[in-house]
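[1] The following comprises the amino acid sequence and a computationally predicted model.
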Amino acid sequence: MAKRIKKAVFPVAGLGTRFLPATKAVPKEMLTVVDRPVIQMAVDEAREAGIEHFVFVTGRNKSVIEDHFDKQFELEETLKARGKSAELNALKQDLPQAGQTSFTRQQEPLGLGHAVWCAREIVGREPFALLLPDMLMQGRPGCLKQMMDIYDDCGGNVMAVEEVPRDQVHRYGVVGTDGSGKRAFSITGMVEKPAAEDAPSNLIISGRYILQPEIFDKLEKQDPGSGGEIQLTDAMIQLLADQPFRGLVFDGTTYDCGDKIGFLSANIAYGLAHPDLGGPFRAALKDIIEKAGGLE
C-alpha cells in the first residue's frame, strides 16, 4: 500500500518580473484571480486532495504570504463588530490550523530543483506533493486529487501532463510514454525543453507532482542544467532509473498565471464559473466585447 501523502511544497520565491510593476511590492502569488490569491487557490487544491501540512519555499519580500495564512485579529474583530458574518466565516474556512504551515527560505535564485531541495528538512523522508502556484488548474475534482487516485493505486511518482502543439514543446519538460493508456500511463523518459524534432511526445509536465523522498538525494548532487539552474526535471530523469513514474493527463484546463495572457484568461474563466458573479460578469463581458467591435 502506498504511503499516504500529507505534505505539499509550494515554491513561491520567484521575483515575478513578467508582471512588473504590479509585483514590485506585491508577490506574484498574491495577485488575485477574481477574489482569491493565486497561492490560496493552490492551497485549496491541496486541501481537497487531503494535504495536511503546507510547506512554502519563500524568498525576500514574501512575508505577506506568511501573513495571508495567519490570523488577523484586528480585521476579524472589525468584521465581527460590523456584523459581516459571511466574510468572517470565509476567512476562518481558509485559515490553516495551527502548525499546518511551514516556511523556509531559498536564499538564491538557483532554480526549481534547488527550491524543492530547500524543503528537504521539513518534508523529511516521506513522499510529498509539489504544486507550482503559477499553474492554475481548473477542474472537478482538482488536479492533485485526480493524481492522488492514481498514486493510491500505483504508488511511486506521479506527474500531471497535458498536450501542447509540437511547435511549443521547446518551452517545457516533455515526457515519453509506454503507450499503455490514453489518460494514465508509465513514463519512459523525460527531456527538458527539447527541439520539436527531438521530443519523445507532445505531452508536457504541467506543474503538479507527487514525488518520493529520494528526489532530495538526486537534487543534492545535481549539477546546474538549462539556464545555469538546478533543474527538477534533470533530477527526476535520474530517479526514473530507480523508481517508476506515472503520467496523468489532467481532466480540466490549465492557466499559466505566470504569463499575462494566461492570468487574464484565468480571471475570465473563473469569473464566468463564479456562483454569484458568473451571470453579471457574462453580461458585462459581452457588453465590453460588443463595444470593442466584437471578437474579429
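    Received the coordinates, thanks. Numbers count the residues shown, from 1 in each chain.
[2] can we go C-alpha only for contacts and neighbour counts from here?
    OK.
[3] what sits against Asn202?
    By Cα atoms under 8 Å, 6 or more residues apart in numbering, Asn202 lies in contact with Glu163, Val164, Pro165, Arg166, Val169, Val174, Val175.
[4] So what sits opposite Val102 in the bridge?
    One thing to correct before we go on: residue 102 is Ser, not Val. In this entry, Ser102 is beta-bridged to Val55, by DSSP bridges.
[5] wait, it sits on Phe54?
    Yes. Under the criterion of Cα atoms under 8 Å, Ser102 lies in contact with Phe54, with a separation of 6.3 Å.
[6] And those two? Which one has more around it.
    Comparing Ser102 with Phe54 by neighbour count (other Cα atoms under 10 Å), the higher total belongs to Phe54, at 23 against 15.
[7] distance of the closest residue to the more buried one other than its chain neighbours from Val57?
    Taking Cα to Cα, 6 or more residues apart in numbering, and ignoring the residues beside it in sequence, Phe54 has Thr101 as its nearest neighbour in space, at 4.8 Å. If you measure Thr101 against Val57 using Cα to Cα, to the nearest Å, the figure is 11 Å.
[8] Neighbour count: those two, which is higher?
    More neighbours surround Val57 than the other of Thr101 and Val57, with 23 against 17 (other Cα under 10 Å).
[9] tell me the SS of Asp251?
    Classification of Asp251 into helix, strand or coil gives coil, according to DSSP: H, G, I helix; E, B strand; the rest coil.
[10] could you list every residue that touches the nearest residue to it once chain neighbours are set aside?
    If you skip the residues right next to it in sequence, Asp251 has Gly139 as its closest partner in space, 6.5 Å away by Cα to Cα, 6+ apart. Shown here is Gly139, whose contacts under the criterion Cα under 8 Å, 6+ apart are Asp251, Gly252, Thr253.
[11] quick one: low-confidence parts of the stretch 151-296 of the chain?
    Where the stretch 151-296 of the chain drops to pLDDT under 70, the residues are 181.
[12] can you give me the helices for it?
    When secondary structure is read from DSSP state H, counting those that start in this stretch, the stretch 151-296 of the chain shows helices at 214-220, 232-240, 260-273, 278-291.
[13] Count the residues that sit near Lys218.
    Considering only other Cα under 10 Å, Lys218 is surrounded by 19 other residues.
[14] Please give me every residue in contact with the closest residue to it other than its chain neighbours.
    The shortest distance from Lys218 to any residue other than its chain neighbours is 5.4 Å, reached at Ala235 (Cα to Cα, 6+ apart). Each residue near Ala235 by Cα under 8 Å, 6+ apart is listed here: Gly113, Ile215, Lys218, Leu219, Gln222.
[15] Perfect, I'm done here.
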